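Student: Sequence first, predicted model second:
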Amino acid sequence: MLISFEKVWKTYGRGEARVDALAGVDFTIDRGEFVAIMGPSGSGKSTAMNIIGCLDTPTSGRYGFLGVDAGRLDRGRRAILRNLYIGFVFQGYNLLPRTTAVENVELPLIYRGVQARERRELAMRALAQVGLAGREHHTPAELSGGQQQRVAIARAIVSTPTLLVADEPTGNLDTQRSHEIMDLLTGLNRDIGLSIVMVTHEPDIAAYADRTIGFLDGHIAYDQAKAEAA
């Protein structure tokens, strides 16, 4: 098992201002799964994603990651866990604008203390893996939106994470580029066994996942495998 939520609550505010973003949520995700998380604004999906990515912690309950009670780790230890095991892809790409594609991809390896020559080799390999061989020395301004998102994916996978957390990864892309990115993510899940948890509000994008968990008012409204939803 990769991820487990056991009666996870996340509460903000007190008294009349109290909001239960998550209200006793239970679910598990196994290694190698590709799971989409859906729900309207305020449903709890982003809160769940932040806890999964060790960017936040539960108010109560247990968040388990690879058997570790990650919700009880302090900020420093959660940062180490993220660095070692989790890659992130965001809607806005979050690339350094004056930095080449290969230099952007190298960034997580710098934090790990990987030497320059090995960093460059690993970054070049990751860019080739996402279909950007030959674009390594282009800056973001010289790349299309779809290519920039491919750079962001290469940066997320260059350190061979156990889990990829993708937050609206196609939100800034047109339909064709969106499906190209989803084909890429599906291939990474299938070919190298990369576990993926993706937040999206688009049903056609969620359909690429093997399983969809729907949130509503801090609760799980449904949890469907692709075969069940078909």
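Tutor: Here it is on my side, so go on. Residues are numbered from 1 along each chain as shown.
Student: which residues of this structure fall in strands?
Tutor: For the chain, the strands defined by DSSP state E cover 3-12, 19-29, 34-38, 60-65, 68-69, 86-90, 163-167, 195-199, 211-216, 219-225.
Student: what's the offset of the second one from the middle of its chain?
Tutor: If I follow you right, that is strand 19-29. Remark: strand 19-29 is offset 18 Å from the chain centroid, using CA atoms, centre = their mean, to the nearest Å.
Student: for that strand, packing partners?
Tutor: If contacts are counted by 3 or more CB pairs under 8 Å, 6 or more residues apart in numbering; DSSP states H and E, strand 19-29 sits against strand 3-12, helix 45-52, strand 219-225. For glycine as for every other residue, the C-beta is placed from the backbone atoms N, C-alpha and C.
Student: Please identify the most buried of these.
Tutor: Among these, helix 45-52 has the highest mean neighbour count (mean count of other CB atoms under 10 Å), at a mean of 22.
Student: That one - contacts with which helices or strands?
Tutor: Counting by 3+ CB pairs under 8 Å, 6+ apart, helix 45-52 packs on strand 3-12, strand 19-29, strand 34-38, strand 60-65, strand 163-167, strand 195-199.
Student: make it 6 Å
Tutor: Counting contacts by 3 or more CB pairs under 6 Å, 6 or more residues apart in numbering; DSSP states H and E, helix 45-52 packs against strand 195-199.
Student: can I get the helices and strands packed on strand 19-29 in a markdown table with distance to Arg117 and mean pLDDT?
Tutor: Output for the helices and strands packed on strand 19-29, formatted as a markdown table (distance: least, CB to CB, whole Å; pLDDT from 0 to 100):
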| stretch | distance to Arg117 | mean pLDDT |
| --- | --- | --- |
| strand 3-12 | 35 | 97 |
| helix 45-52 | 34 | 96 |
| strand 219-225 | 44 | 96 |
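Student: Which one of the ones you listed lies nearest to Gly61?
Tutor: strand 3-12 (3.8 Å; CB to CB).
Student: So what angle separates the directions of the closest one and strand 60-65?
Tutor: Following axes from the mean of the first three to the mean of the last three CA atoms, to 10 degrees, one obtains 140 degrees for the angle between strand 3-12 and strand 60-65.
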